[in-house]
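**Q** Build me a model:
(chains A and B)
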Amino acid sequence: AQSVTQLDSQVPVFEEAPVELRCNYSSSVSVYLFWYVQYPNQGLQLLLKYLSGSTLVKGINGFEAEFNKSQTSFHLRKPSVHISDTAEYFCAVSEDTGNQFYFGTGTSLTVIP
Amino acid sequence: DTGVSQDPRHKITKRGQNVTFRCDPISEHNRLYWYRQTLGQGPEFLTYFQNEAQLEKSRLLSDRFSAERPKGSFSTLEIQRTEQGDSAMYLCASSFAGLAGGTFFGPGTRLTVL
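**A** Next comes the predicted model:
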């Protein structure tokens, strides 16, 4: 079975500063990895995904993530955050052959002006 | 088609009542998923359909929960004899089978059980 750990429940960061949101997973099989963002009172929006190939994945809104198989991590980064990045961020995994997601508990990113 | 839609967006009910939620997936998607999200937690998988077949339902929380997708298009999630612990956001998602990166989520239905 898969599981996802998001190590930080809340991350405050000043505007234009860099940020890293951490995600570790455990799985006995190959997985696909995802980051979703959830703005208040809205559904989940896909930021980026790792399916195969290059371990550095670029997504929308200037976010990127790096898949590290040896450390079973998929940390999300942005070099300069904006006020509009304030939201809840979820890391998720799915199995090789299916689309069912296992989500972490989320990281609340607050960008401080 | 602009995405996955869910109805209603909010539902307030009294304990013991039955509630039903509807999800309309992206039209060409053949897979439909239901998740539950409680406060401070990530979404938790409940069940999914491929076309009209319910392929996984062991994760439904109890026998009070049931889901249908009778014609392989929209789906309904019913909760019978609601309890206060059922208060949560219920999310629907859809995808095309075999395309792991193409899952889209709806805005959710927020259920409050008084």
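**Q** In chain B, where is pLDDT below threshold?
**A** For chain B, applying pLDDT under 70 flags the ranges B:1, B:98-101.
**Q** again, only this time at 90
**A** Within chain B, the ranges that satisfy pLDDT under 90 run B:1-2, B:27-30, B:39-41, B:53-62, B:70-72, B:95-104.
**Q** again, but for chain A
**A** Judged by pLDDT under 90, the stretches of chain A that qualify are A:1-3, A:26-32, A:40-43, A:51-54, A:69, A:94-102.
**Q** Spell out for me which residue occupies the centre of it.
**A** The residue lying closest to the centre of chain A (CA atoms, centre = their mean) is A:Trp35, at 3.4 Å.
**Q** Quickly find the element holding it.
**A** Using DSSP states H and E, A:Trp35 falls within strand A:31-38.
**Q** got the contact list for that strand?
**A** With CB atoms under 8 Å, 6 or more residues apart in numbering or on different chains as the test, strand A:31-38 has contacts from A:2, A:21, A:23, A:25, A:44-51, A:59, A:63, A:65, A:67, A:74, A:76, A:87-96, A:101, A:103, A:106, B:100-101, B:105. From N, CA and C alone the C-beta is placed, and that goes for glycine too.
**Q** For the buried ones among these, write the corresponding ChimeraX selection.
**A** Selection command for ChimeraX covering only the buried members of these, criterion 16 or more other CB atoms under 10 Å in any protein chain shown:
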select /A:2,21,23,25,44,46,47,48,49,50,59,63,65,67,74,76,87,88,89,90,91,92,93,94,95,101,103,106 /B:100,105
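**Q** Which positions in chain A make contact with chain B?
**A** When proximity is defined as CB under 8 Å from any CB of the partner chain, chain A approaches chain B at A:4, A:32, A:34, A:36, A:41-46, A:49, A:51, A:90, A:92, A:94, A:98-106.
**Q** leaving aside the residues next to it on the chain, what's closest to the residue nearest to the spatial centre of chain B?
**A** In chain B, the C-alpha closest to the average C-alpha coordinate belongs to B:Trp34, at a distance of 3.3 Å (CA atoms, centre = their mean). Of all residues not flanking B:Trp34 in the chain, B:Leu46 sits nearest, at 4.4 Å (CB to CB, 6 or more residues apart in numbering or on different chains).
**Q** How about B:Ser87?
**A** Once flanking residues are discounted, B:Ser87 sits nearest to B:Val113: 4.9 Å by CB to CB, 6+ apart.
**Q** and A:Gly53, how many residues sit next to it?
**A** Using other CB atoms under 10 Å in any protein chain shown, A:Gly53 is surrounded by 8 other residues.
**Q** and it, which of the three is it?
**A** With DSSP: H, G, I helix; E, B strand; the rest coil as the basis, A:Gly53 sits in coil.
**Q** what residues are up against the residue of chain B found nearest chain A?
**A** At 3.1 Å from chain A, B:Gly42 is the closest residue in chain B, using CB to the nearest CB. Going by CB under 8 Å, 6+ apart, B:Gly42 touches A:Val4, A:Phe90, A:Ala92, A:Phe103, A:Gly104, A:Thr105, A:Gly106.
**Q** Much appreciated, bye for now.
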